[in-house]
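Undergrad: Need coordinates for the following:
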Amino acid sequence: MKEMEEWKFFNIKVWIFLLLISFLLIYREAFSKVSGACSDCHTMHYSQSGGIIVGEWKSGGPFKALLIGDCVFCHTGTNDGTNITPYVYSTNSTSYNFGGERNTLAGGNFYWVTLNNNYGHNVEGIPNVTTPDPNFLSATSYPPGYDSTYRGGITWPENQPVTCAGTYGCHGDPSKEDPVEAILGAHHQNVLCNSTTNNCDGSTVAKSYRFLLGIKGTEDPDWELTLSKDDHNGYYAVDESPTPGSNSGSINYLCAECHGQFHNGTYSSNYQSPWLRHPTDYDMNNVSSKEYGDYPNIDIFSGKLGVSAQYDYFADVPVGNVQGEVLSSVNGTGKAIVLCVSCHRAHATPYDDILRWNYRRWPGVPDDQNGCLACHTTKY
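TA: Predicted coordinates for the structure are as follows:
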């Protein structure tokens with residue numbers, strides 16, 4: 001009888017454990033989707049007391065999908081660690097500290113492009129930004145290095161500004177020109193992309209890394225507000241030149257969709273030394289016997305974002321891997337692939353060419369403020 005009671009008690013504990021695990025899995029799935037009151041994002045009639053609510057909704061509505069504003073409107077604010085919406089544009093000065101704490105997310109902040117066209121992508125909808133970028137106005141130079149074969153043969157119209165999503169943007173489905181239609185449904189269906197659970201296969205916008213259709217990887221839950229060698233995005237990459245028209249799923253291919261001439265082997269000496277352009281899609285472990293094997297240069301960057309040993313992942317000079325996983329060490333084949341975002345951010349930074357660090361000021365700035373030295377470990 002005692003054995004029977006113990007067995008029943010054991011079964012109860014097992015069931016409680018299984019229910020707890022199920023709850024956590026459901027909670028994780030729910031957390032990855034948009035949450036909160038419907039009215040945070042939508043309105044039935046875009047009207048209140050005969051007019052719009054000034055300051056709470058974006059003027060110029062109504063908008064598609066019953067939205068109260070556009071992409072920029074919903075993603076404007078200050079990241080303080082409690083917000084559940086990632087803010088990519090702040091109306092006031094935001095903090096940026098290479099190798100340290102900041103309130104800037106992985107893509108940077110469009111605030112800086114409002115100060116200087118060279119500091120970021122001139123995306124339509126960012127206040128006080130000239131679109132398209134006046135530096136690139138002709139059909140042959142906008143976007144810089146554009147090769148339509150990477151983007152399904154789409155011809156970029158002259159003077160067409162960059163949008164957040166759609167045919168002329170980065171996020172959503174490029175087959176749909178309207179940004180809202182391109183991203184429609186993704187916020188409600190979103191999964192938190194994690195390579196270990198294989199739910200970020202790029203098959204839909206919602207199942208793609210950061211709603212970048214076809215791109216794979218692992219998404220940091222707080223969008224890299226906090227960073228360490230163990231806490232960061234996991235960028236999927238391949239150790240080869242991307243094939244035009246054949247999406248590899250890599251974050252570099254996403255960049256190539258607008259800047260393909262900076263990637264294709266035809267423009268880069270077929271990825272053979274001496275390089276014509278800075279390499280991407282190349283594993284530094286191929287040449288680990290050279291200076292690149294000393295990434296992330298602990299003589300300079302030790303103590304920055306948890307870096308303490310050779311091959312530690314340095315989150316402010318990120319590299320990709322063939323699994324798209326979050327790695328704390330990049331020692332091994334396919335784990336230290338050079339990315340476009342190794343040097344640049346996607347939205348804007350305080351520096352020219354959307355660089356992660358103040359390249360033009362070095363050596364006028366300290367060595368630990370020049371990310372080039374994380375890979376080029378003997379060049380100082």
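Undergrad: List the buried residues for stretch 41-55?
TA: Buried residues in stretch 41-55, counted by 16 or more other C-beta atoms under 10 Å: 41, 43, 46, 52. To be clear about C-beta, it is placed using only N, CA and C from the backbone, and glycine gets the same treatment.
Undergrad: Make JSON lines from those residues and add pLDDT to it.
TA: Formatted as JSON lines, those follow (pLDDT from 0 to 100):
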{"residue": "41", "pLDDT": "93"}
{"residue": "43", "pLDDT": "93"}
{"residue": "46", "pLDDT": "93"}
{"residue": "52", "pLDDT": "87"}
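Undergrad: Can you tell me which of these is nearest residue 143?
TA: Distance to residue 143 across the buried residues of stretch 41-55 (C-beta to C-beta) is lowest for residue 41, with 29.8 Å.
Undergrad: the strands in the stretch 101-250 of the chain, which residues?
TA: In the stretch 101-250 of the chain, the strands defined using DSSP state E, counting those that start in this stretch lie at 163-165, 169-171, 217-218, 234-235.
Undergrad: okay, those strands in CSV with mean neighbour count next?
TA: Below are those laid out as CSV (neighbours: other C-beta atoms under 10 Å):
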stretch, mean neighbour count
strand 163-165, 24
strand 169-171, 22
strand 217-218, 26
strand 234-235, 26
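Undergrad: one step back: a markdown table for the buried residues of stretch 41-55, including secondary structure and distance to residue 301?
TA: Shown next, in a markdown table, are the buried residues of stretch 41-55 (DSSP: H, G, I helix; E, B strand; the rest coil; distance: C-beta to C-beta, whole Å):
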| residue | secondary structure | distance to residue 301 |
| --- | --- | --- |
| 41 | coil | 40 |
| 43 | coil | 48 |
| 46 | coil | 50 |
| 52 | coil | 50 |
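Undergrad: Quick one: distance of stretch 173-186 to the chain centre.
TA: 18 Å (C-alpha atoms, centre = their mean, to the nearest Å).
Undergrad: ditto for stretch 211-230
TA: Centre to centre, stretch against its chain (C-alpha atoms, centre = their mean), the figure for stretch 211-230 is 7 Å.
Undergrad: What ranges does the stretch 201-350 of the chain have for its helices?
TA: For the stretch 201-350 of the chain, the helices defined by DSSP state H, counting those that start in this stretch cover 251-259, 298-301.
Undergrad: Could you measure from the residue positioned nearest the centre of the chain over to residue 220?
TA: By C-alpha atoms, centre = their mean, the chain has its centre lying nearest to residue 107, at 5.3 Å. According to C-beta to C-beta, to the nearest Å, residue 107 stands 12 Å off from residue 220.
Undergrad: do residue 106 as well
TA: Note on residue 106: its distance to residue 220, by C-beta to C-beta, is 7 Å.
Undergrad: residues bridging contact with the two, i.e. touching both?
TA: With contacts taken as C-beta atoms under 8 Å, 6 or more residues apart in numbering, residue 106 and residue 220 have residue 233 as neighbours in common.
Undergrad: more crowded one of those two?
TA: Taking other C-beta atoms under 10 Å, residue 106 and residue 220 do not tie; residue 106 has more neighbours (23 against 20).
Undergrad: ok, now which ones touch the more buried one?
TA: 220, 223, 224, 233, 345, 346.
Undergrad: how many neighbours does the closest residue to the first one other than its chain neighbours have?
TA: What sits nearest to residue 220 in space, not counting adjacent residues and going by C-beta to C-beta, 6 or more residues apart in numbering, is residue 233, at 4.8 Å. Using other C-beta under 10 Å, residue 233 has 23 neighbouring residues.
Undergrad: Now distance to residue 256 too, for the buried residues of stretch 41-55, in JSON lines please.
TA: Shown next, in JSON lines, are the buried residues of stretch 41-55 (distance: C-beta to C-beta, whole Å):
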{"residue": "41", "distance to residue 256": "32"}
{"residue": "43", "distance to residue 256": "39"}
{"residue": "46", "distance to residue 256": "39"}
{"residue": "52", "distance to residue 256": "41"}
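Undergrad: May I ask which two of those are separated the most?
TA: Largest separation among these by C-beta to C-beta: 41 and 52, giving 15.1 Å.
Undergrad: How much space separates the closest residue to residue 209 other than its chain neighbours from residue 85?
TA: In space, and not counting its chain neighbours, residue 209 is closest to residue 217: 4.0 Å by C-beta to C-beta, 6+ apart. According to C-beta to C-beta, residue 217 stands 20 Å off from residue 85.
Undergrad: outside of stretch 208-222, which residues touch it?
TA: By C-beta under 8 Å, 6+ apart, the residues outside stretch 208-222 that reach it are 81, 106, 165, 170-174, 183, 186, 190, 192-195, 200-202, 204-205, 231-236, 247, 249-251, 253-254, 324-326.
Undergrad: and those residues, which are buried?
TA: Neighbour counting by 16+ other C-beta under 10 Å classes 106, 165, 170-174, 183, 186, 190, 192-195, 200, 202, 204-205, 231-236, 247, 249-251, 253-254, 324-326 among the contacts of stretch 208-222 as buried.
Undergrad: one step back: which of the buried residues of stretch 41-55 sits closest to residue 357?
TA: Looking across the buried residues of stretch 41-55 and measuring by C-beta to C-beta, the closest to residue 357 is residue 41, at 35.5 Å.
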